[in-house]
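> turn this into a structure:
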Amino acid sequence: MPVGTACGWVVSRVVDETWLRDRLTLATHPRSATYDPQWMVDNCMGPNPLWLLEDLARDLRLEPGMRVLDLGCGTAMTSVFLAKEYGVTVWAADLWVRPEENAPRIADAGVSNRVFPLHTEAHDLKFAPGFFDVIVSVDAYQYFGTDDLYIGYVTRFLRPGGQLGIAVPGTTKELTKVPRHLEPFWEWDFMAFHSVGWWRNRWELSGQVEVTSAREQQDGWRLWHRWSKACAQASDDDFVRKGSLRDIEMLATDAGQIFAFPLVVGRRPDR
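Numbers count the residues shown, from 1 in each chain. Here you go, the predicted structure:
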């Protein structure tokens, strides 16, 4: 039985494992391709975080033993990925997903000795100044980092020369009104979506970091659309399926005109 349609695409609850693996195995993202696609879908909280992180990591210097804060880690997929792929030690911090929920996922992945789940709010971080080598935030920083003063707060926890990297949903240009073609889909919190240029400007103006990279994820909207189809088909969560169907239609309507994924990296000055 179909569970819904989007732009004429019928979603069936019958999931073919080969279809799912083919859809979520990308030559452009070889590290992510080694992870169980159903595991990724089952832990979905938005656009595919492993694809975003793998792209972001190309602009970061990650070395074994580094201390990394994964800020807004969600279901800790990104934290597991960081530990397994780069050999770093990760503090997996989230407000919405409790540590007792993430701990079994971390243990099942075999990285309990290198990933430590925490419950924290982004404005109330309990770490020593300069504790981290790297702070990353995937599909979360837009919820708190658009505050002009936040970058001065979060970089306190980076050592001199440490890196801040974000991958966030955003826009191809700054908006002054809701685009007409997106009016049926627009959510009020989309106002936190900004362009790469906006992020670069705010960070450079702050003087708290030296921006070392600022770019859009290549084919970001297509990857989000591809991921949404997989989640609509393979998720057992009604909320995820309904949200994915909405995203499929929204992204097909927009076709890359507005939605994009800024990837931005800054380095805390040595001084």
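> okay, now the unreliable bits of this structure?
Scanning the chain with the threshold set as pLDDT under 70 gives 1-15.
> tell me the buried residues in the lengthiest helix in it?
Identified as the longest helix of the chain according to DSSP state H is helix 238-254. For helix 238-254, the neighbour count (16 or more other Cβ atoms under 10 Å) marks Val240, Arg241, Gly243, Ser244, Leu245, Arg246, Asp247, Ile248, Glu249, Met250, Leu251, Asp254 as buried. All C-beta atoms are positioned from the backbone trio N, CA, C, and that covers glycine.
> please apply the same query to stretch 82-102.
Residues 82-86, 88-95, 97, 99, 102 are the ones in stretch 82-102 that count as buried (16+ other Cβ under 10 Å).
> what does that stretch contact?
Applying Cβ atoms under 8 Å, 6 or more residues apart in numbering, the contact partners of stretch 82-102 are 31, 45, 53, 57, 62-76, 79, 106, 109-111, 114-122, 125, 127, 132-134, 136.
> and that stretch, end to end?
Terminal residues of stretch 82-102 lie 15 Å apart, using Cα to Cα, to the nearest Å.
> apart from its neighbours in sequence, what residue is nearest Trp198?
Distances taken as Cβ to Cβ, 6 or more residues apart in numbering place Glu174 nearest to Trp198, at 5.8 Å, with adjacent residues excluded.
> which SS class is the one you found?
Here Glu174 is coil, with the state taken from DSSP: H, G, I helix; E, B strand; the rest coil.
> pretty sure it sits against His194.
Yes: between Glu174 and His194 there is a contact under Cβ atoms under 8 Å: 6.7 Å.
> okay, the two: which has more neighbours?
Taking other Cβ atoms under 10 Å, Glu174 and His194 do not tie; His194 has more neighbours (22 against 11).
> report the contact partners of the more buried one.
Gln142, Thr146, Gly170, Thr171, Glu174, Pro262.
> still on that earlier bit, export the buried residues of helix 238-254 to a markdown table and tack on distance to Gln217?
Compiled in a markdown table, the buried residues of helix 238-254 are given as follows (distance: Cβ to Cβ, whole Å):
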| residue | distance to Gln217 |
| --- | --- |
| Val240 | 21 |
| Arg241 | 24 |
| Gly243 | 20 |
| Ser244 | 19 |
| Leu245 | 23 |
| Arg246 | 21 |
| Asp247 | 16 |
| Ile248 | 18 |
| Glu249 | 21 |
| Met250 | 17 |
| Leu251 | 14 |
| Asp254 | 15 |
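> convert the longest helix of the chain to PDB, retaining C-alpha atoms only.
This file holds the C-alpha atoms of helix 238-254, laid out as PDB (Å, rounded to 0.1, in the frame of the first residue of the first chain):
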ATOM      1  CA  ASP A 238       5.500   8.600  10.400                       C
ATOM      2  CA  PHE A 239       6.900  12.000  11.300                       C
ATOM      3  CA  VAL A 240      10.100  11.400   9.200                       C
ATOM      4  CA  ARG A 241       8.100  10.000   6.300                       C
ATOM      5  CA  LYS A 242       5.700  12.900   6.200                       C
ATOM      6  CA  GLY A 243       8.500  15.500   6.500                       C
ATOM      7  CA  SER A 244      10.400  13.700   3.800                       C
ATOM      8  CA  LEU A 245       7.400  13.800   1.400                       C
ATOM      9  CA  ARG A 246       7.100  17.500   2.100                       C
ATOM     10  CA  ASP A 247      10.800  18.100   1.400                       C
ATOM     11  CA  ILE A 248      10.600  16.100  -1.800                       C
ATOM     12  CA  GLU A 249       7.900  18.300  -3.200                       C
ATOM     13  CA  MET A 250       9.500  21.500  -1.900                       C
ATOM     14  CA  LEU A 251      13.000  20.700  -3.300                       C
ATOM     15  CA  ALA A 252      11.600  19.600  -6.700                       C
ATOM     16  CA  THR A 253       9.700  22.900  -6.900                       C
ATOM     17  CA  ASP A 254      12.700  25.000  -6.000                       C
END
